[in-house]
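In: give me a 3D structure for the following:
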Amino acid sequence: MEYNEENENFKLLGCLHIKHATFACGLIGIIATLSVFAFGIAVFPWKLYEQIVNITAMAAFACFLVGGVGVHVLVLYGLHTTRFRFMAPSVLYQAFLMVLNGITSLIAVGELASENVLSPRDRQMAHIVLCTCPPIFVCQAVMITVVLRSRYYIQCKRRYIRNGLPPPVREVIHLSAANKVGSIDISETREVSPTLMPTTA
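Out: Numbering: from 1, shown residues only. Purely as a prediction, here's the structure:
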């Protein structure tokens, strides 16, 4: 497909350009990761568990923070430098979270549908999970779609730039050096060859 910045394939819902949507998704992802991390640290009942459990929970929160912020920063960096390979970690990360949200939602449904008597707190947590996980699942699906389309946009743009620019400088220098060497060899052979030819008296 011929590259055109105003192509409809590079627009989301026919109005928003995919690069702007990707930039918004990257910023929203970073803000959402920081918000969830702060909310988890504030809500987690640290006093109810032993120190080893608290250390494990803190390590999990830290991995979530580093991973979440990292993949979204890579999306913004890949968009800025037009390198589509930096988009792949975000797709894998969002897909992994979608699987976790699906499993968590199924567990909550199973707890509510079971015949076991649940405590009010467990029942409340199950309802919270069912109210929050499906919207988050949809948002992650939208982000994956946007990143994949942005990856395609960057591929087309890089192909257009590569085909429209002259050869790299190193190739030109290499060819000129080869030509110089060839001309030197030719001149040397032309100068030496008459001396080697037999003379006629």
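In: any regions of this structure where pLDDT drops low?
Out: Within the chain, the stretches with pLDDT under 70 are 1-3, 115, 164-201.
In: what are the buried residues along stretch 95-107?
Out: For stretch 95-107, the neighbour count (16 or more other Cβ atoms under 10 Å) marks 97-98, 101, 104-105 as buried. C-beta: built from backbone N, CA, C; applies to glycine.
In: for this protein, what's the longest helix?
Out: Longest helix of the chain, by residue count under DSSP state H: helix 120-164.
In: hmm, which two among the buried residues of stretch 95-107 are most spread apart?
Out: Spatial extent of the buried residues of stretch 95-107 (Cβ to Cβ) is set by the pair Leu97 and Ser105 at 12.3 Å.
In: let me see the ranges of the helices in the chain.
Out: Secondary structure of the chain (DSSP H): helices at 18-43, 51-81, 88-113, 120-164, 169-196.
In: neighbouring contacts of stretch 85-103?
Out: Applying Cβ atoms under 8 Å, 6 or more residues apart in numbering, the external contacts of stretch 85-103 come out as 29, 67-68, 70-72, 74-75, 77-78, 133, 136-137, 140-141, 143-144, 147-148, 150-151, 154.
In: repeat that with 6 Å
Out: For stretch 85-103, the surrounding residues in contact (Cβ atoms under 6 Å, 6 or more residues apart in numbering) are 71, 74-75, 77-78, 133, 136-137, 140, 143-144, 147, 151.
In: with adjacent residues omitted, what lies nearest to the most centrally placed residue in the chain?
Out: Nearest to the geometric centre of the chain sits Met87, at 2.0 Å (Cα atoms, centre = their mean). Of all residues not flanking Met87 in the chain, Arg151 sits nearest, at 4.4 Å (Cβ to Cβ, 6 or more residues apart in numbering).
In: please tell me how far Tyr153 sits from Thr81.
Out: Distance, Tyr153 to Thr81, by Cβ to Cβ, to the nearest Å: 14 Å.
In: looking at those two now, which is surrounded by more residues?
Out: Tyr153 (23 against 10; other Cβ atoms under 10 Å).
In: residues in contact with the closest residue to Ala126 other than its chain neighbours?
Out: Sequence neighbours aside, Ala108 is the residue nearest to Ala126 in space, at 4.2 Å (criterion: Cβ to Cβ, 6+ apart). Applying Cβ under 6 Å, 6+ apart to Ala108 gives the contacts 126, 129-130.
In: now the buried members of these.
Out: By 16+ other Cβ under 10 Å, the contacts of Ala108 give 126, 129 as buried.
In: pick the one among the contacts of Ala108 closest to Phe39.
Out: Closest approach between the contacts of Ala108 and Phe39, by Cβ to Cβ: Val129, at 14.4 Å.
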